[in-house]
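Peer 1: Let's see this in three dimensions:
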Amino acid sequence: MLVRHPLAKGVLGLTEGVLWALGWACVAMVGAWLLNPVCFFIFLAGGVLEVVYCRLWQVTPLRSLINGIVKSLGAVAAVFAVDPRPSALFVLVLVALIFFWEIGGQNIPNDWTDIEEDRRFKAKTIPVKLGLGRAGLLALVCLVVAFLLTFLLLWISPLSFNAFYLLIVTGLGCWLLLLPVMRLVQANARRQAMDLFNRASHFPLSLLAVVLVRLIFS
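Peer 2: Coordinates of the predicted model:
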């Protein structure tokens, strides 16, 4: 569980790896069905799309769009787990928010750190195909969009957020998203890409913390 790429390193054999993956997939599918049958089908769709994403590694950088959709499916499943009939507008905005956050804060900086390896294996990623300068600008645009969508999501959510909470979200968005991506655009360096990935990874959790505080003190 603590080893990265256990199959490639020989820690697990192929048969053991397949059994490990299938076993946890079955557990996940049972859990998804018990939460809501819709979650089960979302899980299956995510698995299929992930396979497509991996198969396009050496084909097109547009595979990143699939990755954004896959990441957003988890959030959609979470919504259906607690609300069988959620607002279509809320789900749409949530998908868009996670999609742009994933592309700008996870996919691009992660591929940026692996660019030498990707070039060696002729992988088609955004940094490889567009170059580091344009990849950084694209990450900036995506995270600005995600930042703005955050406030739209809070506005249409069932909860109401006053100026105090909006100010906190603004600070979190600047600290975890905007400032790191601006430093990446300016420096065009691997270190800044890693910093952006690490900080952006905490953004969804920070939003959850804000919502929990809002619920506690409501």
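Peer 1: hey, where'd the helices end up in the chain?
Peer 2: 14-35, 37-55, 63-82, 88-102, 108-113, 115-120, 126-130, 132-156, 163-173, 179-187, 190-201, 203-216 (DSSP state H).
Peer 1: ok, the closest residue in space to Val95 that isn't next to it in sequence - contacts?
Peer 2: Setting aside the residues directly before and after it, Val95 is nearest to Ser72 in space (Cβ to Cβ, 6 or more residues apart in numbering), at 4.3 Å. Glycine gets a C-beta too; all of them are placed from N, C-alpha and C. If a contact means Cβ atoms under 8 Å, 6 or more residues apart in numbering, then Ser72 has 94-96, 98-99, 102 as its contacts.
Peer 1: and which of those residues is nearest Arg134?
Peer 2: Arg134 has its nearest neighbour among the contacts of Ser72 in Glu102, at 18.5 Å by Cβ to Cβ.
Peer 1: Next, count neighbours for that closest one.
Peer 2: By the measure other Cβ atoms under 10 Å, the count of residues near Glu102 is 23.
Peer 1: Begin at 327 from now on, thanks
Peer 2: Sounds good: first residue 327 from here, last item Glu428.
Peer 1: Was I right to think it contacts Leu399?
Peer 2: No. Counting by Cβ atoms under 8 Å, Glu428 stays clear of Leu399, with 10.9 Å between them.
Peer 1: thinking again about what came up before, ok, the residue nearest to Val421 to Ile429 distance?
Peer 2: 11 Å (Cβ to Cβ, to the nearest Å).
Peer 1: try Leu510
Peer 2: For Leu510, the distance to Ile429 - Cβ to Cβ - is 14 Å.
Peer 1: Can you list the low-confidence ranges for this protein?
Peer 2: Applying pLDDT under 70 to the chain flags the ranges 327.
Peer 1: Swap in 90 and give it another go.
Peer 2: 327-338, 343, 347, 383-384, 440, 443-444, 446-447, 484, 514, 543-544 (pLDDT under 90).
Peer 1: Leaving out chain neighbours, which residue sits closest to the residue nearest to the spatial centre of the chain?
Peer 2: The residue lying closest to the centre of the chain (Cα atoms, centre = their mean) is Glu428, at 3.6 Å. Nearest residue to Glu428 in three dimensions, chain neighbours excluded: Lys397, at 4.2 Å (Cβ to Cβ, 6+ apart).
Peer 1: shouldn't the one you found be in contact with Gly430?
Peer 2: No. The pair Lys397 / Gly430 is not scored as a contact, 11.8 Å apart, by Cβ under 8 Å.
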